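K.L.:
quick one, fold the following:
(2 chains)
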Amino acid sequence: MNILGLWNYWIVIALMMIGLYILIARENLVKKVMGLNIFQVSVIMFWVSIAKVRGGTAPIVPEGGGDVIYSNPLPHVLMLTAIVVGVATTGLGLALIVRIHEAYGSIEEDQVREMDRAEE
Amino acid sequence: MTEHLPALQTALPLLAAPVCVLLRRAALVRVFAVLVTWSCLAIALSLLQEVLGHGEISYALGGWVAPLGIEYRVDILNAYVLVLVATIASVVIAFPLAGRELRIPKERFFLFYALFLLCLAGLLGITITGDLFNIFVFLEISSLSAYALIGLGRDRRALTAGFSYLVMGTIGGTFILIGIGLVYQMTGTLNIVDLSQRLPPVLGTRTVWMAFAFLVVGTSIKLAAFPLHQWLPNAYTYGPSVVASFLSATATKVAYYVLVRLLFTVFGFAFVFERVQLSALLLPLSLIAMVVGSLAAIYQTNIKRLLAYSSIAQIGYMTLGLSLANLDGLTGGLVHLFNHGLIKGGLFLVVACALSRVESPRIESLRGLGKRMPWTMAAFVVGGLGLIGIPGTVGFVSKWYLVLGALDQGLYFVAFMVLASSLLAVVYVWRVIEVMYFSDEERAPERDDAPLSMLLPTWVLIGATIYFGLDTELTAGVAEQAAAYLLGGAS
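P.N.:
Numbers count the residues shown, from 1 in each chain, chains lettered A, B, ... in the order given. This is a model prediction of the structure:
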């Protein structure tokens, strides 16, 4: 098995780990949303890359048929939906952060947690 | 008309949600949303009847035939889950919204109803669809609206709870997406029935094992199975009680349905329980969930948090039924899905009733409420008995099957644990009852119960826990058929 030949997976795994790391390690909520984004993008790249056929073009069959090699369009279309989901998640996350900032005056998770603890 | 019922099941609430935003007037929107949800219940019931009478329904969305098109497939299992989701939604949506629990003013209540219908459309969609990617899309529709619904809680901690739910939920959803991608890579199909035929030849590959792992972990996050439950207590504690009632009774249950569907239909009994031996992992985790969830519930001072931890324990019962992987065990898990939905939905509505009269959800503030709000608190007692599993309530029916399932496997320790954790439930339910009824207050408070418009929906759910505890034909009967259908290929 050619490990380097599977470089698309390495990129996916690297991005995924970066995203998860940011999610875990950062206290800033906006950075967390960024981490989440990177994490989601890695999966979108995974789907897009598995559909690519070597030497394949866009899936447009010329008039009268003809043997065109084309990439699998289905995963690409599915990922349009996944991108929309990602945008909606980001939007909602940022909206919540705006509200959190209004309510707490901070978007650092440790400070927010501290304020909650002080209240109890 | 009737042949389009599967499509209407999700299209109706989905289209009704933006209409709510256009109507705007709170009273009008409420009537509209109630009518839409009740129509969904009618559709779900007629689908169940159809399935029981004539077998599976396959509906090609937009006329594109499976496996190329998206198929809506209703069999006895998801017809049963559809009825649960639609029933709970119909009751909860009729419950009057209390301004003191929500952060939005009354003139913007229409947004709550729009979110609620979106969430309902997502949950029904997950359940009814026969396409794996469609499950992901509906899962995200329901989850995104659920995060927003949680964030509507008046307490500012609702915002942070909603945000951490969003982070956890998105990780779960994305894991599911990875799993679906890997499965698609190996089989080239997304249709569940098609997958169940194309997967067996490639089941030995590492890719499919990875897909399995991602899918199971992803759904377990949505299900809040121990130890992936961290998002749940805060979300249910700080979100509005009505939302907690709806989500605790439906969202986790639908995730459980997805897990069952993946394990039994997509991957198949032989792979999941004989090759991967999932029970070796799931069974201990379920037992820990039952004990740790109940123990944590005992030490809570907030009644909503108490109920949330109890939910984690109850989810443990459901996954226990799954990991027993025999007819009685799986029936127990599936029937508990319905029964716990009724109990926990009802109990959170009790909390919503109580919060219309007292300021805080702390157990202390419930002192003496047994005399002040007799009907509300009686509902709590009945629901609590259901949680414990007293004979005559639905909780007993589920535990009966679980114990039978455990004994059938010769797992006496597991049967013992089911009973032992019921004793823990006695402790946490009793703590609340003691404060409510046996406080040493001298002067008898005046009777000041929740209005009938709140008591009626609450008692519908609580009454149902008694009704289905005595007449088990509809719940346990259908659950047993569904379990037999799922295990059909195996035994």
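
K.L.:
look through chain A and tell me its longest helix.
P.N.:
helix A:73-104 (DSSP state H).

K.L.:
what's the following helix or strand after that helix?
P.N.:
Next helix or strand after helix A:73-104 toward the C-terminus (DSSP states H and E): helix A:109-119.

K.L.:
hmm, back to that, could you list the buried residues of the longest helix of chain A?
P.N.:
A:74-76, A:78-79, A:82, A:85-86, A:89-90, A:92-93, A:95-97, A:99-100, A:103-104 (16 or more other C-beta atoms under 10 Å in any protein chain shown). Where you see a C-beta, it was placed from the backbone N, CA and C, and this is true even at glycine.

K.L.:
could you pull up phi and psi at B:N302?
P.N.:
Main-chain dihedrals, B:N302, degrees, to the nearest 10: phi -110, psi 130.

K.L.:
neighbours around it, how many?
P.N.:
B:N302: 18 surrounding residues under other C-beta atoms under 10 Å in any protein chain shown.

K.L.:
got the CA positions of stretch B:474-491 in CSV?
P.N.:
Below are the C-alpha coordinates for stretch B:474-491, written out as CSV (Å, rounded to 0.1, in the frame of the first residue of the first chain):
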residue,chain,number,x,y,z
LEU,B,474,-50.4,-1.4,21.7
THR,B,475,-46.9,-0.7,23.2
ALA,B,476,-45.4,-4.0,24.2
GLY,B,477,-47.3,-5.8,21.5
VAL,B,478,-46.0,-3.6,18.7
ALA,B,479,-42.5,-3.4,20.3
GLU,B,480,-42.3,-7.2,20.4
GLN,B,481,-43.3,-7.5,16.7
ALA,B,482,-40.7,-4.9,15.8
ALA,B,483,-38.1,-6.7,17.9
ALA,B,484,-39.0,-10.0,16.2
TYR,B,485,-38.8,-8.3,12.8
LEU,B,486,-35.3,-6.9,13.6
LEU,B,487,-34.0,-10.2,14.9
GLY,B,488,-35.8,-12.1,12.1
GLY,B,489,-32.6,-12.5,10.1
ALA,B,490,-30.6,-13.7,13.1
SER,B,491,-32.4,-16.4,14.9
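
K.L.:
and the contacts of that stretch?
P.N.:
Residues outside stretch B:474-491 that contact it (C-beta atoms under 8 Å, 6 or more residues apart in numbering or on different chains) are B:48, B:52, B:75-77, B:80, B:260, B:264-265, B:268-270, B:273, B:325-327, B:330-331, B:334-335, B:337-339, B:394, B:397, B:401, B:468.

K.L.:
lowest confidence element among the helices and strands of chain B?
P.N.:
Taking mean pLDDT, DSSP states H and E as the measure, chain B has helix B:369-372 as its least confident helix or strand, at a mean of 80.

K.L.:
not counting sequence-adjacent ones, nearest residue to the single nearest residue of the stretch 1-150 of chain B relative to chain A?
P.N.:
The minimum distance from the stretch 1-150 of chain B to chain A, using C-beta to the nearest C-beta, falls at B:E140 (4.5 Å). Nearest residue to B:E140, sequence neighbours excluded (C-beta to C-beta, 6 or more residues apart in numbering or on different chains): A:V85, at 4.5 Å.

K.L.:
so what's the one you found up against?
P.N.:
Listed by C-beta under 8 Å, 6+ apart, the contact partners of A:V85 are A:40, B:137, B:140, B:144, B:173.

K.L.:
excluding its backbone neighbours, what's nearest residue 69?
P.N.:
I'll assume chain A. A:I69's closest residue in space is A:G56 (C-beta to C-beta, 6+ apart), at 4.7 Å.

K.L.:
correction: the question concerned chain B.
P.N.:
B:A60 is the one closest to B:G69 (C-beta to C-beta, 6+ apart), at 5.3 Å.

K.L.:
got it, and A:L20?
P.N.:
Leaving aside its sequence neighbours, A:L20 sits nearest to A:F39 (C-beta to C-beta, 6+ apart; 5.9 Å).

K.L.:
now do the contacts for that neighbour.
P.N.:
Residues near A:F39 by C-beta under 8 Å, 6+ apart: A:15-16, A:19-20, A:23, B:170-171, B:174.

K.L.:
and the helix or strand hosting B:Y401, what's buried?
P.N.:
B:Y401 is part of helix B:394-408, with elements assigned from DSSP H and E. The neighbour-count check on helix B:394-408 (16+ other C-beta under 10 Å) flags B:394-406 as buried.

K.L.:
in the chain, where is pLDDT below threshold?
P.N.:
All of this refers to chain A. Applying pLDDT under 70 to chain A picks out residues A:1-2.

K.L.:
can you look at chain B instead?
P.N.:
Within chain B, the stretches with pLDDT under 70 are B:1, B:440-445, B:489-491.

K.L.:
quick check: longest helix in it by residues?
P.N.:
As assigned by DSSP H, the longest helix anywhere in chain B is helix B:157-187.

K.L.:
which strands or helices does the helix or strand that that one is followed by pack on?
P.N.:
Counting by DSSP H and E, the next helix or strand C-terminal to helix B:157-187 is helix B:192-198. The helices and strands touching helix B:192-198, judged by 3 or more C-beta pairs under 8 Å, 6 or more residues apart in numbering or on different chains; DSSP states H and E, are strand B:71-74, helix B:157-187.

K.L.:
next, format those as CSV and append distance to B:L385 and mean neighbour count.
P.N.:
Below are those laid out as CSV (distance: least, C-beta to C-beta, whole Å; neighbours: other C-beta atoms under 10 Å in any protein chain shown):
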stretch, distance to B:L385, mean neighbour count
strand B:71-74, 34, 22
helix B:157-187, 29, 24
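
K.L.:
wait, which of these is closest to B:V350?
P.N.:
helix B:157-187 (19.8 Å; C-beta to C-beta).

K.L.:
distance from the chain centre to the closest one, please.
P.N.:
Its chain's C-alpha centre and that of helix B:157-187 lie 18 Å apart, by C-alpha atoms, centre = their mean, to the nearest Å.

K.L.:
can you check stretch B:477-491 too?
P.N.:
20 Å.

K.L.:
name only those of the contacts of A:V85 that count as buried.
P.N.:
For the contacts of A:V85, buried by 16+ other C-beta under 10 Å: A:40, B:137, B:140, B:144, B:173.

K.L.:
what strand or helix carries the fourth one?
P.N.:
Spelled out, that is B:L144. B:L144 belongs to helix B:132-151, assigned by DSSP H and E.

K.L.:
understood, closing this out.
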